[in-house]
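Participant: could you look at this predicted model? Sequence included:
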Amino acid sequence: MKKLFAVSIFVLFGLMCGSTLQAQEHAPTAEVCHADANLWDNQADFMAYRAERRGFIVGKTATSPLGILAVKELEKREAEMTNCYESDGAKTVYFIVRDFYLGVLEDREVDFIGRHHLVSEFYREDAVGKR
């Protein structure tokens, strides 16, 4: 159990740090930022994902356009929108899209913890101050 928990923490830490490492590669051009923000700021996809999550059961296969994206793609998009926000005038759309992708990543992490029955371990460690 401890080994599985350690691996889980390593995976979660990697997910959180992965976007930071990617964000340091290079800043996208304003044209790329605008094009990707326009493509990814898709309210229909956001609504489909939210609807799917309302009825979600841990372990269920996702089918919405955002639900089927791999974690690496979610991280890539989040990192790009962070870079765009920082390099192209802090436009609100970059912040909105980035936060949505962060939320999808958080959902995946929580689902992972649930699938691997690590919730009680998480609460036990949190209660004694492990952060």
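Facilitator: Structure's in. What do you need?

Participant: for this structure, what spans make up the helices?
Facilitator: Ranges of helices within the chain are 2-23, 30-40, 43-54, 71-87, 92-115, 119-127, based on DSSP state H.

Participant: most packed of these?
Facilitator: Across the helices of the chain, the average number of neighbours (mean count of other C-beta atoms under 10 Å) peaks for helix 71-87, which reaches a mean of 20. From N, CA and C alone the C-beta is placed, and that goes for glycine too.

Participant: which neighbouring elements make contact with that one?
Facilitator: The helices and strands touching helix 71-87, judged by 3 or more C-beta pairs under 8 Å, 6 or more residues apart in numbering; DSSP states H and E, are helix 2-23, helix 30-40, helix 92-115.

Participant: count the residues that sit near A90.
Facilitator: Neighbours of A90 under the rule other C-beta atoms under 10 Å: 10.

Participant: and it, how close does it get to A37?
Facilitator: Going from A90 to A37 by C-beta to C-beta, to the nearest Å gives 13 Å.

Participant: equivalent analysis for F100, please.
Facilitator: Distance of F100 to A37, given as C-beta to C-beta: 11 Å.

Participant: spit out the residues that contact these two alike.
Facilitator: Counting by C-beta atoms under 8 Å, 6 or more residues apart in numbering, F100 and A37 have no common neighbour.

Participant: before we move on, back to that, of all the helices of the chain, which lies closest to T63?
Facilitator: When the helices of the chain are compared by C-beta to C-beta, helix 43-54 sits nearest T63, at 6.8 Å.

Participant: where does this protein have low pLDDT?
Facilitator: In the predicted model of the chain, residues 1-25, 56-59 satisfy pLDDT under 70.

Participant: tally of neighbours for K60?
Facilitator: K60: 11 neighbours (other C-beta under 10 Å).

Participant: pull up the gap between L105 and F122, please.
Facilitator: L105 is 17 Å from F122, by C-beta to C-beta.

Participant: R108 is in contact with E75, correct?
Facilitator: No - here E75 does not reach R108: they are 10.4 Å apart, not a contact under C-beta atoms under 8 Å.

Participant: what's the closest non-adjacent residue to F122?
Facilitator: Spatial nearest neighbour of F122, excluding adjacent residues (C-beta to C-beta, 6 or more residues apart in numbering): I113 at 6.2 Å.
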